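S.K.: no sequence on hand, only this structure:
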């Protein structure tokens, strides 16, 4: 069913990195959500009124809020598809993250309203009237919501959309909510206990937790997360396969919305090589990275000495020292300035975020390791943190 809808309503559906194609996916997801949720709201409101169940009516209004979320999503994809302009030179892709945030807020509001209504139902219980018609309606609702959840999850993974994945999660929350409502309805056949209100409380807490989870994920995207590990691995492999690249460091990738990645990296090259030839190869590597990975990459060339035995010996010595301090430490841009009384070792040191040692402790440990050497060494260290 999902493949049929995609092939029927999404032109050029295979070009998922294209902004216009993403907009078509978003429109399909939103329209399907609006239609399904309106039908579910009408059915549940009618059945809830018939049975006198706050849980069923609340569940129906939850579907109505989902309908509103779909409208917001539709607007969000339209905004995200706008081309870059003077005020937004990197495009409008991050509108998708803001849309996810709005959806999460709606989910939290619905959860809070359901929680207060359920508390009132526990304190002032009313008789719930069991009906097989109502039960059948709820079961059909569960089936529809399971399909909607799988539908949006598939689309979300296909185009890497946080909005659709949030919508999918919301649909699965509805499955739990409606299942709890079914339990309350069936339980009303044997007991007058306020099961309806209790189930409403359980469902509302579940919805609230889900909303806060989506908020966290979306805020993490807006604040800036490390680049995808698979993307970093593929990019590193492309650099390593280049015969002119002797090493890479300082990789940074910025996301300006799905499919809009901008990055930079430093690549070590032979300082005695032909600079024009190396520059041409590096330009080609930038183009290859964009064509294969979709990252607009800026590559900085760092010239290194290849045939300086003393420098290489000191570099290997320093690598061994920092690895003994912490195996996750790494250094680059290693240089050496020799003099009659001492030798300066100059390098950048990358410290992992989870390293418990501070910069002063690390520098002290390095200098202590150099005290017993025949040559007097001074270290000039630039400390850095990982970005990817």
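M.R.: Everything's here; your move. Fair warning: this is a prediction, and the values are worked out from it, not measured in the lab. Residues are numbered from 1 along each chain as shown.
S.K.: what number of residues lie near the nearest residue to residue 341 once chain neighbours are set aside?
M.R.: Distances taken as C-beta to C-beta, 6 or more residues apart in numbering place residue 376 nearest to residue 341, at 6.7 Å, with adjacent residues excluded. (Glycine included, C-beta is placed from N, CA and C.) Counted by other C-beta atoms under 10 Å, the residues lying close to residue 376 total 11.
S.K.: residue 376 contacts residue 342, correct?
M.R.: Yes: Residue 376 is in contact with residue 342 according to C-beta atoms under 8 Å; the separation is 4.2 Å.
S.K.: quick check, pLDDT for the residue nearest to residue 341.
M.R.: Among the per-residue scores, residue 376 shows a pLDDT of 91.
S.K.: what sits against it?
M.R.: When the contact criterion is C-beta atoms under 8 Å, 6 or more residues apart in numbering, the partners of residue 376 are 341-343.
S.K.: can you put those in TSV and add pLDDT and distance to residue 68?
M.R.: Shown next, in TSV, are the contacts of residue 376 (pLDDT from 0 to 100; distance: C-beta to C-beta, whole Å):
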residue	pLDDT	distance to residue 68
341	87	75
342	90	70
343	92	69
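S.K.: so which of those residues is the most crowded?
M.R.: Each of the contacts of residue 376 was scored for neighbours by other C-beta under 10 Å, and residue 343 scores highest at 16 neighbours.
S.K.: okay but that residue is in contact with residue 379, surely?
M.R.: No: under the contact definition of C-beta under 8 Å, residue 343 does not touch residue 379, with a separation of 10.0 Å.
S.K.: what's the neighbour count on residue 91?
M.R.: 18.
S.K.: correction: the previous question concerned residue 233.
M.R.: For residue 233, the neighbour count with other C-beta under 10 Å is 10.
S.K.: likewise residue 106?
M.R.: Around residue 106 sit 18 other residues, with neighbours defined as other C-beta under 10 Å.
S.K.: ditto for residue 29
M.R.: Around residue 29 sit 26 other residues, with neighbours defined as other C-beta under 10 Å.
S.K.: likewise residue 218?
M.R.: Other residues near residue 218 number 22, with proximity taken as other C-beta under 10 Å.
S.K.: make sure it is actually in contact with residue 97.
M.R.: Yes: using C-beta under 8 Å, residue 218 makes contact with residue 97 at a distance of 5.4 Å.
S.K.: between the two, which contacts overlap?
M.R.: Any residue near both residue 218 and residue 97 by C-beta under 8 Å, 6+ apart counts here, and that gives residue 162.
S.K.: state the phi and psi torsions of the spatially most central residue of the chain.
M.R.: In the chain, the C-alpha nearest the mean C-alpha coordinate belongs to residue 221, at 5.5 Å (C-alpha atoms, centre = their mean). Torsion angles at residue 221 (phi, psi; degrees, to the nearest 10) stand at phi -60, psi -40.
S.K.: check contacts around it.
M.R.: Taking C-beta under 8 Å, 6+ apart as the contact definition, residue 221 lies against 97, 100, 162, 255.
S.K.: mind checking how far it is from residue 128?
M.R.: Residue 221 sits 42 Å away from residue 128 when distances are taken as C-beta to C-beta, to the nearest Å.
S.K.: just say helix, strand or coil for residue 298.
M.R.: Three-state assignment for residue 298 (DSSP: H, G, I helix; E, B strand; the rest coil): strand.
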